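**Student:** Fold the following and give me the result.
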Amino acid sequence: MKIIVDMADLMDELDLEALGLTLDPPPVTAGQVLAELTDRGVLTVAPRRKSRRPLRLAVRTALAAALVLALSVTAWAVGNYTDFFDSVFGDKGLESRESEKLPEPVQGSDIMPGQHFGTADPDTAEAALGDYVTEVDQSVTAGDYTLTVENCLIDENGVGAIAYTVACPEGLPTINTFDNTLPVGQYTAADESGGFVLTVKTASGLTLDHYDILNAAETTDTVLHGVYYFQPMTREAGGVLGADDTLCVALNAQGPDGMTQECQDAIEISAARRAPSVELACGDLTARLSPLSLVIDPPESLEEPWSGASSRDRIVRYRDGSEYILERSGEEEAEQNVISRGVNGYTWTDMTIFNRFVDTAAVADITVTASDGTQYVFEPAA
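**Tutor:** Sure thing, here's the model as predicted:
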């Protein structure tokens, strides 16, 4: 049966709230969406007819849902990754760590930095990153454990985060979190009944440095929730996880007999989709900032780490006057509010993975104060 639909009327009659849809950003109207689709040549708007049979609500709703799901229209906000962004950028039900004076120095310092969390505004995070989340929703099994990769986010710096679950209907092994290391939330899952370890490799062979963090807020006796943060470890300046590369996620399981089993097929995730970064500059130093990471590239002529690599303060300052303290150190206390920060020993690239969402459009500058007091101010490139 052929159905002729007046798309103008269909758009006017849609109950967006009932469909779970919103127009983003306001004040976009249904008419503007229709005009956008028409301009793209996707729709042809027929002249209005004076008399026609009314289209049943169920048919109108089905057509509207199919339209939204089938087309890529910037005016529509269909995806909703609030839970994913809460996992990647939130506290995950973990307790903030306060700065602690150690009885003996560790790696030259007698202060264990504190770590505090932030929360991402869901609308801001969705607007900035919603189009760049890869929905995976694939599972593999090893021994008694089933790994499900839910979503993945990779930015233009090659830094990423994978949200996953590991389920065992008979009950998970003991979850052990590390108390004396940063970032907060690193864990192992093992006891006399067995255990498991998540592994992520690349098809190209590129090595990934990683931090596997427990999502304690969602974890139950039978299902562990976690976020796997990673960054590329390359020998070449400017090297990143290539857009043509593939992540291969697998699970190693160990039983009570000590025998190890690995899932037969890894879950493959294309690295093609990238959240954009913005450029910042400070003299001959350049930086790349995304909502997930900061990469500072030293001049090519540099043969050792730039002086700011050994910093006592790093602060993201926003235009509204608020701040995100990446790290701060003093004689009596210190903070390190990131998943990781370090310098590549081959390229001297300085890389940070944030433990909260950074709205790149609202950043005024990033200030780095070196141990010798030298201050570097990175501002958005013109």
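**Student:** Tell me how far residue 291 lies from residue 231.
**Tutor:** 15 Å (CB to CB, to the nearest Å). (Each C-beta comes from the backbone N, C-alpha and C, glycine too.)
**Student:** meant to ask about residue 269
**Tutor:** Noted for residue 269: a distance of 16 Å to residue 231, by CB to CB.
**Student:** what about the two, which has more around it?
**Tutor:** Between residue 269 and residue 231, counted using other CB atoms under 10 Å, the more crowded position is residue 231 (26 against 22).
**Student:** Please verify my assumption that the more buried one contacts residue 158.
**Tutor:** Yes: the pair residue 231 / residue 158 is scored as a contact, 6.8 Å apart, by CB atoms under 8 Å.
**Student:** So which residues of the stretch 201-350 of the chain form helices?
**Tutor:** With DSSP state H, counting those that start in this stretch as the criterion, the stretch 201-350 of the chain has no helices.
**Student:** Find the residue ranges of it scoring beneath the pLDDT cut-off.
**Tutor:** 238, 301-302 (pLDDT under 70).
**Student:** Who are the contact partners of residue 129?
**Tutor:** 81, 85, 153, 275, 291 (CB atoms under 8 Å, 6 or more residues apart in numbering).
**Student:** Repeat the analysis, applying 10 Å as the threshold.
**Tutor:** 79, 81, 84-85, 88-89, 120, 153, 155, 275-276, 290-292, 357 (CB atoms under 10 Å, 6 or more residues apart in numbering).
**Student:** Give me the neighbour count for residue 318.
**Tutor:** Using other CB under 10 Å, residue 318 is surrounded by 15 other residues.
**Student:** Beta-bridge partners for it, please?
**Tutor:** Counting by DSSP bridges, residue 318 is bridged to residue 363.
**Student:** ok, so what distance separates it from residue 375?
**Tutor:** According to CB to CB, residue 318 stands 18 Å off from residue 375.
**Student:** now swap in residue 110 and tell me
**Tutor:** Counting by CB to CB - residue 110 and residue 375 are separated by 26 Å.
**Student:** does residue 207 really touch residue 232, like I thought?
**Tutor:** Yes: in this structure residue 207 lies within contact range of residue 232 using CB atoms under 10 Å: 7.6 Å.
**Student:** And those two? Which one has more around it.
**Tutor:** residue 232 (22 against 13).
**Student:** Return the residues in contact with the more buried one.
**Tutor:** Applying CB under 10 Å, 6+ apart, the residues near residue 232 are 157-160, 202, 206-209, 239-242, 245, 295, 344, 349, 351.
**Student:** Drop anything exposed from the residues you listed.
**Tutor:** 157-160, 202, 206, 208, 239-241, 245, 295, 344, 349, 351 (16 or more other CB atoms under 10 Å).
**Student:** Give me the subset of those residues lying in strands.
**Tutor:** 160, 202, 208, 295, 351 (DSSP state E).
**Student:** Now the two most distant members of these.
**Tutor:** The two members of those with the most space between them (CB to CB) are 202 and 295, at 18.1 Å.
**Student:** How about the secondary structure of residue 131?
**Tutor:** Of the three states, residue 131 takes helix according to DSSP: H, G, I helix; E, B strand; the rest coil.
**Student:** cool, and the one 3 residues further on?
**Tutor:** Reduced to three states with three-state DSSP, the structure at residue 134 is strand.
**Student:** Surely it is in contact with residue 162?
**Tutor:** Yes: if you go by CB under 10 Å, residue 134 and residue 162 touch, sitting 9.3 Å apart.
**Student:** If you count surrounding residues, which of those two has more?
**Tutor:** Counted by other CB under 10 Å, residue 134 and residue 162 do not tie: residue 162 has more neighbours, with 26 against 17.
**Student:** Skipping adjacent residues, who's closest to the more buried one in space?
**Tutor:** residue 228 (4.4 Å; CB to CB, 6 or more residues apart in numbering).
**Student:** Contacts only, for the one you found.
**Tutor:** Residues near residue 228 by CB under 10 Å, 6+ apart: 149, 152, 160-164, 198-200, 208, 210-213, 247, 249.
**Student:** just residue 150 next, same as before
**Tutor:** 81, 83-84, 87, 133, 135-139, 162-165, 225, 227.
**Student:** Then residue 346?
**Tutor:** Contact analysis of residue 346 by CB under 10 Å, 6+ apart lists 233, 234, 235, 236, 237, 239.
**Student:** Farthest pair within those?
**Tutor:** So, these by CB to CB: farthest apart are 233 and 237, at 13.1 Å.
**Student:** wait, residue 370 sits on residue 308?
**Tutor:** Yes: with contact defined as CB under 10 Å, residue 370 counts as touching residue 308 (4.7 Å).
**Student:** Touching both of those two, which residues are there?
**Tutor:** Both residue 370 and residue 308 are contacted by residue 376, under the criterion CB under 10 Å, 6+ apart.
**Student:** Of the two, which one has the most company?
**Tutor:** Legend: neighbour count by other CB under 10 Å for residue 370 and residue 308, higher for residue 308 (23 against 16).
**Student:** That one reaches residue 285, doesn't it?
**Tutor:** Yes: assessed by CB under 10 Å, residue 308 is found in contact with residue 285 at 7.9 Å.
**Student:** Now the common contact residues for those two.
**Tutor:** Contacts common to residue 308 and residue 285, judged by CB under 10 Å, 6+ apart, are 296, 298, 350, 368, 376, 378.
**Student:** Look up which residues are beta-bridged to the fourth one.
**Tutor:** With beta bridges defined as DSSP bridges, residue 368 has these partners: residue 314, residue 376.
**Student:** Over to the first one?
**Tutor:** Under DSSP bridges, the beta-bridge partners of residue 296 are residue 287, residue 350.
**Student:** how many neighbours does it have?
**Tutor:** Count around residue 296 with other CB under 10 Å applied: 25.
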